[in-house]
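> Please find the sequence and the predicted model below.
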Amino acid sequence: MNTNKTLIKKLNDQGTLAHDELYQLLTAMDDSDAQYLYQLARVKREAVYGKDVYLRGLIEFSNYCKNDCRYCGIRASNDRAERYRLSAQEIIDCANTGYDLGFRTVVLQSGEDLSFSDDDICAIVSAIKAHHPDLAITLSIGEKEKESYQKYFEAGAERYLLRQETSNPDHYAYLHPASLSLAHRKQCLEDLKEIGYQVGCGIMVGSPHQTFDHIIEDLYYMKDFNPQMVGIGPFIAHKDTPFRNEPNGTLEDTLHLLGIIRLMLPHVLLPATTALGTIDPLGREKGILAGANVVMPNLSPRSVRRKYMLYDGKICTGEEAAKCHACMERRIAKTGYQVVPSRGDYR
């Protein structure tokens, strides 16, 4: 057994590695090593979740954002973005459609749109819950104060996604405006966990100026934080941002990290992201085979999907929700796994 396979087995057995060992894996894996990693990752995820893959219906309800993150296509200063926001009833209708199609989780995602008050969010969440008590509601609406998170939780939201994007303060400052801080982002994640949410964090793979040392810092942060969900996907440049000419993250690095995260956090809910499917036509299937167990098809109205462009080239912007659901079922079945009509709670 070569050095890398020995390290992969050690990671599988111990759930962590020393810094130099992780660095070796991240920088020097060949295809044979990677296939061994993915094999062990599949064993780990099947021990907890079997062959099940969970669908999350994504409702992107507003692309207004007060922030000016340098990587994001809906950043506040992008005057080329075609802005929209769905009404409360339109959001509820999307959730109803998803439920009828078999989704048992919806993800309400937006930019940090100040036109939606806490009361507005709570009313939407409560209305969806009143229609479908067995539907899990995930929010992904950015940094808020703890009191706001508490209100959403009491209204019926059970999960919250808030990627830290990077765990290194200097790198965070390079990617974000001065109005945002990594310390506050991490505090938000702690607040969410303390309230009782199933919490998701995560990073962009290959973001500008990211180093493998940064990624290792991320892995140790996530191991210590022990989230219920980790969302990682490749950085993809957007033409209307300061990072328009930066190289995209790679399929290989993202798949390697999916496998490593699965071995470090065997119980985590781990999506094969839309961004992964954007950089490779079979990216999401490859993600499932590398240890992921969640896919997030789009439930947003077709009329707005092309407007929620965090990065260029985003796939699945023109399909009906029913077609997206059926397509993912077929795609996942080809991997040997199965989509199940389940909330897909953390185990």
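That came through fine.
> mind listing the helices in the stretch 201-347 of the chain by residue range?
Applying DSSP state H, counting those that start in this stretch to the stretch 201-347 of the chain gives helices spanning 212-225, 251-264, 274-279, 283-289, 302-305, 321-334.
> okay if I get the ones you listed as JSON lines plus distance to Leu26 and mean neighbour count?
Heads up, the C-betas are built off the backbone N, CA and C, glycines and all. Listed next are those as JSON lines, based on distance: least, Cβ to Cβ, whole Å; neighbours: other Cβ atoms under 10 Å:
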{"stretch": "helix 212-225", "distance to Leu26": "5", "mean neighbour count": "18"}
{"stretch": "helix 251-264", "distance to Leu26": "7", "mean neighbour count": "24"}
{"stretch": "helix 274-279", "distance to Leu26": "18", "mean neighbour count": "23"}
{"stretch": "helix 283-289", "distance to Leu26": "17", "mean neighbour count": "24"}
{"stretch": "helix 302-305", "distance to Leu26": "34", "mean neighbour count": "14"}
{"stretch": "helix 321-334", "distance to Leu26": "28", "mean neighbour count": "16"}
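> Can you verify my assumption that Leu55 contacts Thr105?
Yes - Leu55 is within contact range of Thr105, at 7.4 Å (criterion: Cβ atoms under 8 Å).
> and for the two, which residues touch both?
Common contacts of Leu55 and Thr105 (Cβ atoms under 8 Å, 6 or more residues apart in numbering): Gly344.
> Now tell me what touches the stretch of helix or strand Cys94 belongs to from outside.
Following DSSP states H and E, one finds Cys94 within helix 88-101. Applying Cβ under 8 Å, 6+ apart, the contact partners of helix 88-101 are 57, 59, 61, 86, 106, 108, 120, 123-124, 127-128, 131-132, 135, 299-301, 321-322, 325.
> Now a PyMOL select for only the buried ones of those.
In PyMOL, a selection of the buried entries from the contacts of helix 88-101 looks like this (16 or more other Cβ atoms under 10 Å):
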select buried, resi 57+59+61+86+106+108+124+127+128+132+135+299+300+301+321+325
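> From Met229, how far off is Lys144?
18 Å (Cβ to Cβ, to the nearest Å).
> residues touching Val340, list them.
Counted by Cβ under 8 Å, 6+ apart, Val340 has contacts 52-54.
> what sits against Gly73?
81, 238, 240-241, 309-312.
> how close does it sit to Ser207?
14 Å.
> Kindly report the same for Gln187.
Gln187 is 22 Å from Ser207, by Cβ to Cβ.
> So these two - more neighbours on which side?
Ser207 (23 against 14; other Cβ atoms under 10 Å).
> surely that one meets Arg163?
No - using Cβ under 8 Å, Ser207 is not in contact with Arg163, being 10.9 Å away.
> Leu108 - that's part of a helix, no?
No - with DSSP: H, G, I helix; E, B strand; the rest coil as the criterion, Leu108 is located in strand rather than a helix.
> OK, contacts around Thr335?
285, 288-289.
> Any stretches of the stretch 151-300 of the chain with poor pLDDT?
Within the stretch 151-300 of the chain, no stretch falls below the threshold (pLDDT under 70).
> Check the stretch 1-150 of the chain too.
In the stretch 1-150 of the chain (pLDDT under 70), no residue qualifies.
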